[in-house]
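Asks: Provided below for reference: sequence and predicted model.
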Amino acid sequence: MIKAIVCDLDNTVLRSDKSMSGYTRDVLRRCRGRGIRVLAASARPERTVREFGIFGEFEALTTLNGARVVLPGREILNTIPRESGERIAAALLCLPGALVSAEMSGGIFSSAPIPEWNAHVFPDFPKLPDGELYKVLVSGVAEREARAAATGDTYCTAIEGGKLFQFMSRAATKWGGVREMLEEYGISPSDCAFFGDDWDDIECVRNCGLGVAMANAIPEVRAVADGFAGHCDDDGAARYIEENILKCL
């Protein structure tokens, strides 16, 4: 029996316009009412989850792909040493066309304006302001070039369908965050359903008892999935939950 549902956010329970429908909210609330834990695991920071008005829909969140796990009454941090982050940012800025940013406890800071992220342009970039460093991001470069900038205590992974690359602490993974959330509630991964669409969801889809790929998921996610939901813009995850989980209780 499914005891926990873990959802990616973007292009999963969020539509492509970053909204969560009333129908999806209702299905998630009905899950909680039936005793199923409802959790989220995303590359997003907590601040944007709050800005979208969906923070309260989840009992725990893995944010920033595992760099920060928000649990009831406590949090787990897996950060990058400042010196490593500054070395990565400096190497990336040498690449033609690179747009580099750093997600920190004080917000997101960048080498040039990124209006859609409300990034702060930091004049001393690649030196970084004070605060915890969660991840370094880059777009506009080839995968081989991006991965070459990783240091020994970080790794590089593709997100956004391979258009964006993020550098994380080796201790920070989305799957690691999912495990922490499940352990908090004493739930085995075999009793968990995970819904996702992108590269950083593959390990979670593969390792949870029920891994569900969205219709808009990349082929690599669909290849390891146990089930298949409709498109995010059609509330595919919520419809799958209603038809295949709630109706079976």
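Replies: Noted; the coordinates are in hand.

Asks: strands paired with the helix-or-strand element of the chain with minimal mean pLDDT, and their directions?
Replies: Ranked by mean pLDDT, DSSP states H and E, the weakest helix or strand in the chain is strand 154-159, scoring a mean of 90. Strand pairing for strand 154-159, determined by DSSP bridges: strand 164-169 (antiparallel).

Asks: Give me the buried positions along the partner strand.
Replies: L164, F165, Q166, F167, M168, S169 (16 or more other Cβ atoms under 10 Å). For every residue, glycine as well, the C-beta is placed using N, CA and C.

Asks: do the same with stretch 123-131
Replies: So, applying 16+ other Cβ under 10 Å, buried residues of stretch 123-131: F125, P126, L128, P129.

Asks: Which of the buried residues of strand 164-169 sits closest to R222?
Replies: Closest approach between the buried residues of strand 164-169 and R222, by Cβ to Cβ: L164, at 20.4 Å.

Asks: Output stretch 205-217 in PDB, but only the C-alpha positions, please.
Replies: C-alpha atoms of stretch 205-217 as PDB (Å, rounded to 0.1, in the frame of the first residue of the first chain):
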ATOM      1  CA  VAL A 205      11.600   7.100 -10.100                       C
ATOM      2  CA  ARG A 206      13.900   4.000 -10.200                       C
ATOM      3  CA  ASN A 207      14.200   3.500  -6.500                       C
ATOM      4  CA  CYS A 208      10.700   4.200  -5.200                       C
ATOM      5  CA  GLY A 209       8.100   1.400  -5.000                       C
ATOM      6  CA  LEU A 210       6.000   3.100  -7.700                       C
ATOM      7  CA  GLY A 211       7.900   5.400 -10.000                       C
ATOM      8  CA  VAL A 212       5.600   7.400 -12.300                       C
ATOM      9  CA  ALA A 213       6.800   9.400 -15.300                       C
ATOM     10  CA  MET A 214       4.800  12.300 -16.700                       C
ATOM     11  CA  ALA A 215       3.700  12.400 -20.300                       C
ATOM     12  CA  ASN A 216       6.000  15.400 -20.700                       C
ATOM     13  CA  ALA A 217       9.000  13.500 -19.100                       C
END
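
Asks: so for it, what's the average pLDDT?
Replies: When pLDDT is averaged along stretch 205-217, the result is 98.

Asks: Name the SS class of the closest residue to V69 other than its chain neighbours, please.
Replies: Using Cβ to Cβ, 6 or more residues apart in numbering and skipping the chain neighbours, the partner closest in space to V69 is I76 (4.2 Å). Put simply, I76 is strand when judged by DSSP: H, G, I helix; E, B strand; the rest coil.

Asks: Do you have the helices of this protein handy? List them.
Replies: 22-33, 46-51, 82-93, 143-147, 174-184, 202-207, 219-224, 236-244 (DSSP state H).

Asks: picking up where we left off before, and the two most separated of the buried residues of stretch 123-131?
Replies: By the measure Cβ to Cβ, those have their two most distant members at P126 and P129, which lie 11.5 Å apart.

Asks: Now do the contacts for the residue nearest to the spatial centre of the chain.
Replies: The residue lying closest to the centre of the chain (Cα atoms, centre = their mean) is S42, at 2.0 Å. Counting by Cβ atoms under 8 Å, 6 or more residues apart in numbering, S42 makes contact with D8, L9, D10, V49, L61, T62, T63, N65.
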